[in-house]
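Trainee: this one's structure only:
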């Protein structure tokens, strides 16, 4: 299993990929070369395993340039037509929308490349597509919460959850995207009422990432939290008894309701001025191949974007029986400004 090969594979990965560049001019700008300039906001060492496997299979060397999500977008935008970027990778549909609005993506017909990927996770205008999925779930304390009390995200607005909810800051893009989805389904007025109720029901001021919310449930600081599924699976798969003690006391609710569970993506697109566009297409095909999809499921606990992809990760497999929202993720971007306005004026820190 890829998980067992991780230490050795990381050594290969670090040799095969350049270190993050300090300036985009270090990337190879020669069209037709056996190289690929990947600009990524993902921060997982396991991605380098995938990149190394790609190089081994194709002979195409990857020049890796890393930066935070919004910083990455600004960096490529500032370079303009001089940008050597071939591939742009970032997480969350709202960031993909920002990159699209900044003109960073070429328009492509991904129908041949993305066979097996539901249309929900493909931009209808051909700017980007998802290669790995993350479900926004409701984690709860097994000993303090009856899961039958929660069937939908909207249920968390009930006063019964006052002083019982933990969640990240309202400025976090995951919360912004969930709010955008609620706007798409229920309208701005209902979404704002929900946001204000979440603020009223917080057990503490938002702090930390999703793992911190899970640890807060374990510590008794709150009873429920909204998190991405893979943070829980990561703890459950850990060799550290302190981590599994957290996951053992927590259950996950995949909201059903009228629309199902909110699912977001890690997304990729070919850069607008890619000097190595053919290599970029080859790279995306590899991400969606059996080898690429297996790697993300086994190394980062993300759900494969390709339906029916094979992988070995029993704890991930155990949480995958849920109904995903069928809203095309491009609509999250369409509603992102309204979501941001609602969150800014809600009082949710």
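Mentor: Ah, there it is. Because the structure is a prediction, the values reported are computed rather than measured. Residues are numbered from 1 along each chain as shown.

Trainee: and the contacts of stretch 287-300?
Mentor: 1-3, 6, 44, 46-47, 49-50, 53-54, 57, 113-114, 116-117, 131-132, 230, 266, 268, 286, 302-306, 309-313, 316 (CB atoms under 8 Å, 6 or more residues apart in numbering). (Glycine included, C-beta is placed from N, CA and C.)

Trainee: just the buried residues of the residues you listed.
Mentor: Buried residues within the contacts of stretch 287-300, counting neighbours by 16 or more other CB atoms under 10 Å: 2-3, 6, 46-47, 49-50, 53-54, 113-114, 117, 131-132, 230, 266, 268, 286, 302-306, 309, 311, 313, 316.

Trainee: in helices, which of these fall?
Mentor: In this view, the buried ones among the contacts of stretch 287-300 that belong to helices under DSSP state H are 6, 46-47, 49-50, 53-54, 230, 286, 316.

Trainee: now tabulate these in CSV and tack on distance to residue 65 and pLDDT.
Mentor: Shown next, in CSV, are these (distance: CB to CB, whole Å; pLDDT from 0 to 100):
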residue, distance to residue 65, pLDDT
6, 23, 45
46, 18, 86
47, 13, 94
49, 18, 95
50, 16, 96
53, 19, 97
54, 16, 98
230, 24, 98
286, 19, 98
316, 29, 98
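
Trainee: looking at those, spot the one nearest residue 342.
Mentor: Nearest to residue 342 among these: residue 230, at 26.6 Å, using CB to CB.

Trainee: check contacts around the closest one.
Mentor: With CB under 8 Å, 6+ apart, residue 230 has these contacts: 134, 300-302, 316.

Trainee: ok, it to residue 333 distance?
Mentor: In this view, residue 230 and residue 333 are 22 Å apart by CB to CB, to the nearest Å.

Trainee: before we move on, what about residue 44?
Mentor: The spacing between residue 44 and residue 333, counted by CB to CB, is 24 Å.

Trainee: quick one: distance of the longest strand seen in the chain to the chain centre.
Mentor: Longest strand of the chain, by residue count under DSSP state E: strand 129-141. Distance of strand 129-141 from the chain centroid (CA atoms, centre = their mean, to the nearest Å) equals 8 Å.

Trainee: for the remainder of this discussion, apply numbering that starts at 36.
Mentor: That works, and once the first residue is 36, the last one we named lands at strand 164-176.

Trainee: next SSE after that strand?
Mentor: The helix or strand immediately downstream of strand 164-176 is strand 200-201, counting by DSSP states H and E.

Trainee: what number of residues lie near residue 328?
Mentor: If you count neighbours by other CB atoms under 10 Å, residue 328 ends up with 26.

Trainee: what secondary structure does it sit in?
Mentor: The local conformation at residue 328, judged by DSSP: H, G, I helix; E, B strand; the rest coil, is helix.

Trainee: need the per-residue pLDDT for it.
Mentor: Residue 328 carries a pLDDT value of 97.

Trainee: thought residue 202 was touching residue 234?
Mentor: No: using CB atoms under 8 Å as the test, residue 202 is too far from residue 234 to be in contact (9.6 Å).

Trainee: neighbour count winner among the two?
Mentor: Neighbour totals were compared for residue 202 and residue 234, and residue 202 leads with 27 against 17 (other CB under 10 Å).

Trainee: for the more buried one, which non-adjacent residue is spatially closest?
Mentor: residue 261 (5.0 Å; CB to CB, 6 or more residues apart in numbering).

Trainee: can you give me the angle the helix or strand hosting the one you found makes with strand 164-176?
Mentor: Assessed by DSSP H and E, residue 261 sits inside strand 259-263. Put simply, strand 259-263 runs at 160 degrees to strand 164-176, going by axes from the mean of the first three to the mean of the last three CA atoms, to 10 degrees.
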